[in-house]
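Chemist: Provide a 3D model corresponding to the input given below.
(chains A and B)
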2 protein chains.
Amino acid sequence: MLNLANPTDSLPWQETVDLVVVGSGFAGLAAAFEAKSAGCSVRILEKMKGYGGNSVISDGAVAAAGTDMQQRQGIADSKEQMLRDMLRAGLSLNHTELARTVAEQSKEALEWSIALGARYQDRVQAFGGHSRARSHLAHRTSGFSIIKPMLSACRELGLDIATQHKLQRLICNEQGRVCGVRVREGYTYPDRNSGVPKNIKARLGVVLAAGGFGNDLPLRRTQVPDLNESVDSTNKPSTTGEVLRQAMAVGAMPVHLSWIQLGPWGCPDEKGYGVGPGFASYIAMPYGIMVNPDTGRRFMNESADRKTRADAILQVGRPCICIADSRGVEQSGYDIQRCLDKGVVRGFSDPAALAAAYGIPEGILQETLQAYNDALKHQAPDPYQKNILPGSAALKHPPYYAMRVWPKVHHTMGGLQIDTRARVLDTKQRIIPGLFAAGEVTGGIHGACRLGSCAITDCLVFGRIAGKNAARNEHGNHRAV
Amino acid sequence: MLNLANPTDSLPWQETVDLVVVGSGFAGLAAAFEAKSAGCSVRILEKMKGYGGNSVISDGAVAAAGTDMQQRQGIADSKEQMLRDMLRAGLSLNHTELARTVAEQSKEALEWSIALGARYQDRVQAFGGHSRARSHLAHRTSGFSIIKPMLSACRELGLDIATQHKLQRLICNEQGRVCGVRVREGYTYPDRNSGVPKNIKARLGVVLAAGGFGNDLPLRRTQVPDLNESVDSTNKPSTTGEVLRQAMAVGAMPVHLSWIQLGPWGCPDEKGYGVGPGFASYIAMPYGIMVNPDTGRRFMNESADRKTRADAILQVGRPCICIADSRGVEQSGYDIQRCLDKGVVRGFSDPAALAAAYGIPEGILQETLQAYNDALKHQAPDPYQKNILPGSAALKHPPYYAMRVWPKVHHTMGGLQIDTRARVLDTKQRIIPGLFAAGEVTGGIHGACRLGSCAITDCLVFGRIAGKNAARNEHGNHRAV
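Modeler: Numbers count the residues shown, from 1 in each chain, chains lettered A, B, ... in the order given. From the prediction side, this is the model:
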């Protein structure tokens, strides 16, 4: 762009650091930690009052292949198998080398988080679309259990988070190198005029780790017009795309913006992410069944990837009912008290009561349960190709639990194109000097569909790569890690 | 983008016009004609030595609803039905108001081209995915039959095409308004350093009508990595995305870049568009059948939209065989001599010889033909939901004709976001003053899948809108048409 505007040669810099990191979730903290460890001065910017973005409200499940925990539980897995699963779910739209990087470094990323102090439950689960049990569940099934030790580790290095700092623009020098940011300091979401403009010079560059745009309605509607205000999202309301836009404004290439993931375990009886997905994801989908309330029958593979499941529910056209029993709850090890307290999940003494509550034809529901139980008993292949977990029990142990399910926008697969060193590419596939990105703000890694528990892995792997590479990024000349 | 580069206040303009139009295909000529008719001075830029881009090698089919020709042939159709068909094929990702504009102005666009001198065959056809026969076939089934009179009409107004003028950049003034272009005059494709830089001032604005990016391998691979050099395209080699990139560089929002259409009637036995699609589209798909050579059986709805058909063939995993007979050739009114001369389509005296030539199990192919013929005879519903055309005859009239079919990149649904006045929008959904776009360089109109014969309609409708609106665009203040 030839810009006839005033030059900014005389730009006053209010602050100078080696590296600016935009965002304080998994990817941002990983990048900041690595860059600081390598001796850089780092400024972490967070637009909100609290840190951690959507990372802190995530379930904290980390997909990793070939881990010690898998070995202890006798689960044979490999990086190659994890990559194959990612490509299959992604409809092979994935940028393969990026997906491969995530799979290959997944074990190391998990171990790195453990070394920082993150705690995980003593078991792994096979999330939908994964052919192996490789989803490592964070303590209390909460991303906060991972974010908190990461933040502590950053603080021990002398790093802190500049909250209420919103990115306004990326600043480029005359060679087109990203050399700083303009922010609003003291920004109060969502008042765009709040705070005071400030320019921060970034000697080595800027890492964008600002998350996705799941709640940016204008942006998501440019790609999928039906995702209007009537479609809820599991993300925080502040999950908007201004950082993506600013990167595009300096020439960054967006990829796969049209691929927006709907979580197939959202509950229409609560707002946002809520508590229902825990019941659906950890109990009812793996150990129970999903039925169409009109027919009383199953209609989908409850262990499929998210896109396959969400598409199946949308095809039914109205909220469907996921059902588990008390044995499933036990097997999951998941506490459903909050789901019951909130009224999102309801308990029933028998299938007849459950059927009556949701208007399901009772006789057919009984048949559906019987058929499922019979197949389990005879170890027959599931007619919907569901991956029956070892130790799955017949659905016959009251109380029965059920929840209404309707998809919600969960993850935006699209974002900035990066290379395997987390360098942002422009529309001609050239590296934009001084610009790095990691996590959900990037695109291509997951193709058409991100598998559950691969997001945190992606954030940790590419966050670390971005931080390490940016630290080595002297005068815009990138050197290999 | 804060740009520290030298300002271009002192930019020397070598030429000044009211409007610059980039591209000389259907959309570009339509825009230029309308703007010139409204009294503007117009410069049409074309990077190649010849004019017309891919428009001149297209089949020249124009979808239009409620036309006189449809009435004469007793075909009940409506704009609403055309819109419904577009949305169904587009998986409802379409920007509905844009698609509606195309459907509503389709009849007028067709009539406008006729008024300029374009000639059409005296029949309409139901292309795949259209629920009505509404594809109006240009004389000689060639887009050149439409482009030629359009160009003559432009020349009568005193307009000519500046060939070998390649866009390098869009130039914005200090208010961010597009106020001109930098081009390379005397450019010789594909030498990017050929020609001499020249700045053209555009008082009212710039219309981008440069086509898609079907042969821009780096760009298409960012979105669909598998579309590498091994995948052919029906487009000219020069169908690259530099204009799209330059619009993005001034902040334009790209939509649906990931949706790239494969033509389900490409022939792997010839390069590029070739002659085979004519046989497959106009004869074998509507009046014949497609079989899997391994099984000898049909496997798809030959009248489905392009995406559905291409996906079905890709699923088979190897080139499939489309088959027609001499009666089908007659019914189509299509001359297959060039297909035979080129060896792309082959003639056979009986099904046995055809089966032997392509390695199809002969007995099963005979069964397949018999089943198809029986269903026709008894007017039974087609098991693959094929739309059986009135007057379709049994496949039993030698010679039989067959062609190998494998999808080729044909159309890029994605491109610049525009509003219903053809104004280009930026990433915040604001109008970019002085910038208009029409045709395949835009995105959103067709959603996930463009229906055959809707592209020319789109180009004519939005090309005219762009030209009219740009002509009314005084000092960057857009006024409504």
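
Chemist: can you list the low-confidence ranges for chain A?
Modeler: Residue ranges of chain A with pLDDT under 70: A:1-10, A:474-481.

Chemist: mind naming the longest helix for it?
Modeler: helix A:454-471 (DSSP state H).

Chemist: what residues does the stretch 51-200 of chain A have near chain B?
Modeler: A:92, A:93, A:94, A:95, A:96, A:169, A:170, A:171, A:172, A:173, A:174, A:182 (C-beta under 8 Å from any C-beta of the partner chain). C-beta here means a position set from N, CA and C on the backbone, and glycine is covered the same way.

Chemist: please identify which two of those residues are farthest apart in space.
Modeler: A:92 and A:174 (40.7 Å; C-beta to C-beta).

Chemist: more neighbours: these two, which one.
Modeler: For residue A:92 and residue A:174, the more surrounded residue by other C-beta atoms under 10 Å in any protein chain shown is residue A:92, and the numbers stand at 15 against 12.

Chemist: test my guess that the more buried one contacts residue A:447.
Modeler: Yes. Using C-beta atoms under 8 Å, residue A:92 is in contact with residue A:447, at 6.6 Å.

Chemist: could you pull up the residues touching residue A:429?
Modeler: By C-beta atoms under 8 Å, 6 or more residues apart in numbering or on different chains, residue A:429 lies in contact with A:253, A:417, B:218, B:222.

Chemist: make it 6 Å
Modeler: residue B:218 (C-beta atoms under 6 Å, 6 or more residues apart in numbering or on different chains).

Chemist: pretty sure it is in a helix, no?
Modeler: No. Read with DSSP: H, G, I helix; E, B strand; the rest coil, residue A:429 is coil and lies in no helix.

Chemist: let me see the ranges of the helices in the stretch 51-200 of chain A.
Modeler: For the stretch 51-200 of chain A, helices defined by DSSP state H, counting those that start in this stretch occupy the ranges A:68-72, A:79-89, A:96-104, A:106-116, A:144-156.

Chemist: Throw these into JSON lines and include distance to residue A:399 and mean neighbour count, thanks.
Modeler: JSON lines is the format used below for these (distance: least, C-beta to C-beta, whole Å; neighbours: other C-beta atoms under 10 Å in any protein chain shown):
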{"stretch": "helix A:68-72", "distance to residue A:399": "32", "mean neighbour count": "14"}
{"stretch": "helix A:79-89", "distance to residue A:399": "34", "mean neighbour count": "20"}
{"stretch": "helix A:96-104", "distance to residue A:399": "40", "mean neighbour count": "21"}
{"stretch": "helix A:106-116", "distance to residue A:399": "36", "mean neighbour count": "20"}
{"stretch": "helix A:144-156", "distance to residue A:399": "29", "mean neighbour count": "20"}
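
Chemist: can I get those in CSV with distance to residue A:392?
Modeler: What follows is these, written out as CSV (distance: least, C-beta to C-beta, whole Å):
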stretch, distance to residue A:392
helix A:68-72, 19
helix A:79-89, 21
helix A:96-104, 27
helix A:106-116, 26
helix A:144-156, 27
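
Chemist: closest to residue B:317 out of those helices?
Modeler: The nearest among the helices of the stretch 51-200 of chain A, by C-beta to C-beta, is helix A:79-89 at 15.6 Å.

Chemist: taking helix A:106-116 as reference, get the angle to that closest one.
Modeler: Here the directions of helix A:79-89 and helix A:106-116 differ by 110 degrees (axes from the mean of the first three to the mean of the last three C-alpha atoms, to 10 degrees).

Chemist: alpha carbons of helix A:79-89, as PDB, please.
Modeler: What follows is helix A:79-89, C-alpha atoms only, in PDB (Å, rounded to 0.1, in the frame of the first residue of the first chain):
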ATOM      1  CA  LYS A  79       3.300 -39.000  17.000                       C
ATOM      2  CA  GLU A  80       2.500 -40.300  13.500                       C
ATOM      3  CA  GLN A  81      -0.800 -41.700  14.700                       C
ATOM      4  CA  MET A  82      -1.700 -38.400  16.300                       C
ATOM      5  CA  LEU A  83      -0.800 -36.600  13.100                       C
ATOM      6  CA  ARG A  84      -3.000 -39.000  11.100                       C
ATOM      7  CA  ASP A  85      -5.900 -38.300  13.400                       C
ATOM      8  CA  MET A  86      -5.400 -34.500  13.000                       C
ATOM      9  CA  LEU A  87      -5.300 -34.700   9.300                       C
ATOM     10  CA  ARG A  88      -8.400 -37.000   9.100                       C
ATOM     11  CA  ALA A  89     -10.500 -34.600  11.200                       C
END
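
Chemist: sounds good, over and out.
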